[in-house]
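Sequence first, then the predicted structure:
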Amino acid sequence: MNGKDTQTDLIAALFNPRQQVWVEHFAWSADKIRLVGTTPTGRATCDRLDVNDDRYKGEHPITEARALWLSVGWHPPKDDPIQTAAQ
């Protein structure tokens, strides 16, 4: 399955967890709330699956849940990369 790389507007394959490594394609935003694609595959996957609820109007249940999980120490997963504010 394919999606659109939001940075280049080119078609890219979506992330396949059976064949690819998560940390090579994704990182958490500096505030640890949003999942960010770091490669064309990561960006296309985030967009196609709407992993940050960007298409919702007025509500963002997944990012709100992540903020709650962060406040109690359940998020992000310990081995996942996190972007710095400058990225």
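Done, it's in. Values in this document were obtained by computation on a predicted structure and should not be read as measured data.

how far away is the residue in the chain sticking out farthest from the centre from residue 62?
Ranking residues of the chain by C-alpha distance from their mean position (CA atoms, centre = their mean) puts residue 72 at the top, at 20.4 Å. From residue 72 across to residue 62, the span is 16 Å (CB to CB, to the nearest Å). Every C-beta, even on glycine, is put in place using the N, C-alpha and C of the backbone.

and residue 47, what does it touch?
Taking CB atoms under 8 Å, 6 or more residues apart in numbering, we find residue 47 in contact with 3-4, 6, 37.

go again using 6 Å as the cut-off
3, 6 (CB atoms under 6 Å, 6 or more residues apart in numbering).

State the next helix or strand along the chain beyond the strand or helix carrying it.
Using DSSP states H and E, residue 47 falls within helix 40-49. Counting by DSSP H and E, the element after helix 40-49 in chain order, helix or strand, is helix 61-71.

which strands and helices sit next to that next one?
Contact here means 3 or more CB pairs under 6 Å, 6 or more residues apart in numbering; DSSP states H and E; on that basis helix 61-71 packs against no helix or strand.

Next, the buried residues of that helix.
For helix 61-71, the buried set under the neighbour-count rule, 16 or more other CB atoms under 10 Å, comprises 62-63, 66.

Closest one of these to residue 48?
residue 62 (14.9 Å; CB to CB).

now the closest residue to that closest one other than its chain neighbours: how far from residue 73?
In this structure, residue 62 finds its nearest non-sequential neighbour in residue 53, 4.8 Å apart by CB to CB, 6 or more residues apart in numbering. Per CB to CB, residue 53 is found 22 Å from residue 73.

before we move on, the earlier item: kindly present the buried residues of helix 61-71 as JSON lines, with separate columns for pLDDT and distance to residue 81.
What follows is the buried residues of helix 61-71, written out as JSON lines (pLDDT from 0 to 100; distance: CB to CB, whole Å):
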{"residue": "62", "pLDDT": "95", "distance to residue 81": "19"}
{"residue": "63", "pLDDT": "94", "distance to residue 81": "18"}
{"residue": "66", "pLDDT": "97", "distance to residue 81": "16"}
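
and of the residues you listed, the nearest to residue 24?
Nearest to residue 24, judged by CB to CB, of the buried residues of helix 61-71 is residue 66 at 21.3 Å.
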